[in-house]
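Novice: got a sequence here, can you model it:
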Amino acid sequence: MKYRLNQAETTPITLYMFPVTKGTVTTYNHYMRLEPEKIYETDDIAQVNYLKNKTNKVRYRSELEELLKAKGVEYEVIYCKSCGGKVRKIEYKVIEVVE
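Specialist: This is a model prediction of the structure:
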């Protein structure tokens, strides 16, 4: 699988608890630094699952929502349940799969 940071990301991101499989053992005490516009490749099943499900949740900003829309990044606006929706957050996919 080839992957990269989504098009909206302009700064490097470090992914913590990154899985690495050696033989039949998968360990999660690793990290990986991803640079924007750079394409990476992996065949590790644990890494593929981790990367496809990796999301980032940040405080809502209309500029961020517009950027995510413009770049075609999957996102969801989440409303706080305990305060009745006064606090909003945006959750979006960090990794984009390159075919």
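Novice: for residue 97, give its distance to residue 49.
Specialist: As judged by CB to CB, to the nearest Å, residue 97 and residue 49 stand 12 Å apart. Heads up, the C-betas are built off the backbone N, CA and C, glycines and all.
Novice: now do the helix or strand residue 77 falls within: which elements does it pack against?
Specialist: Per DSSP states H and E: residue 77 is located in strand 75-79. Counting contacts by 3 or more CB pairs under 8 Å, 6 or more residues apart in numbering; DSSP states H and E, strand 75-79 is packed against helix 62-71, strand 88-93.
Novice: repeat the analysis, applying 7 Å as the threshold.
Specialist: strand 88-93 (3 or more CB pairs under 7 Å, 6 or more residues apart in numbering; DSSP states H and E).
Novice: quick one: buried residues of the strand it packs on?
Specialist: Residues of strand 88-93 classed as buried: 90, 92-93 (neighbour count, 16 or more other CB atoms under 10 Å).
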